[in-house]
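Chemist: Here is my input, please return the structure:
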Amino acid sequence: FELIGLIGLLFPKARIIHCRRDAIDNCVSCFVLNFSEGHSYNTDLQTLGLYYREYDRLMQHWNKVFPGLIFENRYETLVEDQEAQSRRLIDYLGLPWDDACLRFFDRDGSVNTPSRWQVRQPIYKSSVKRWKNYENEIQPLIQSLGDLAEI
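Modeler: Have a look, this model is predicted:
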């Protein structure tokens, strides 16, 4: 997200896909994952919340500066209606629809992300509002997110 401005200037016909998620759920997921070096913001709940606020501010800025460049989808909407949201995305990209899009988890190939095991299974809803399981422990995060925290 930090390089969207550069991408937009260098590649004006680029397409950027942004999947927005509940702020608290997103931050809790980042907090429990073991990111590589260079991501020290995710080791402290308050810092993570402040970092997320800056990410949100910057994404709002890019949407104003580059209207139409960024395709935004809500994670919660995607898990609720995968086909409709997938069709929206494929249409945005100007590609023909293929039912294989709904079976992304059946594909071979390497995946090198902290959530690589999730890529190999169908979309599931159990991560929506998962943060509520830790509500008492994550108060510093909720406080630092402020109005972005949808409680």
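Chemist: CA atoms for contacts and neighbours, from now on please.
Modeler: Noted.
Chemist: If you average the pLDDT over the lengthiest helix in the chain, what comes out?
Modeler: Ranked by residue count and defined by DSSP state H, the top helix of the chain is helix 45-65. The average pLDDT within helix 45-65 is 96.
Chemist: helices and strands around it, which ones?
Modeler: Applying 3 or more Cα pairs under 8 Å, 6 or more residues apart in numbering; DSSP states H and E, one finds that helix 45-65 contacts helix 23-32, helix 139-145.
Chemist: Tell me which of these sits nearest to residue 94.
Modeler: Among the helices and strands packed on helix 45-65, helix 23-32 comes nearest to residue 94, with 28.8 Å by Cα to Cα.
Chemist: So which elements touch the closest one?
Modeler: helix 45-65, helix 139-145.
Chemist: Pull out the buried positions in the first one.
Modeler: Neighbour-count burial for helix 45-65, with 16 or more other Cα atoms under 10 Å as criterion, is recorded at 45-53, 56, 58-59, 62.
Chemist: Output that helix as CSV, nothing but the C-alphas.
Modeler: The C-alpha trace of helix 45-65 is given here as CSV (Å, rounded to 0.1, in the frame of the first residue of the first chain):
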residue,chain,number,x,y,z
LEU,A,45,-0.9,-4.1,20.0
GLN,A,46,-0.9,-0.3,20.5
THR,A,47,1.7,0.2,17.8
LEU,A,48,-0.1,-2.1,15.5
GLY,A,49,-3.4,-0.1,15.9
LEU,A,50,-1.5,3.1,15.1
TYR,A,51,0.1,1.6,12.1
TYR,A,52,-3.3,0.4,10.8
ARG,A,53,-4.7,3.9,11.2
GLU,A,54,-1.8,5.2,9.0
TYR,A,55,-2.5,2.5,6.4
ASP,A,56,-6.2,3.4,6.4
ARG,A,57,-5.3,7.1,6.0
LEU,A,58,-3.0,6.4,3.1
MET,A,59,-5.5,4.1,1.3
GLN,A,60,-8.1,6.9,1.5
HIS,A,61,-5.5,9.3,0.0
TRP,A,62,-4.7,6.9,-2.9
ASN,A,63,-8.3,6.4,-3.7
LYS,A,64,-8.7,10.2,-4.0
VAL,A,65,-5.6,10.7,-6.1
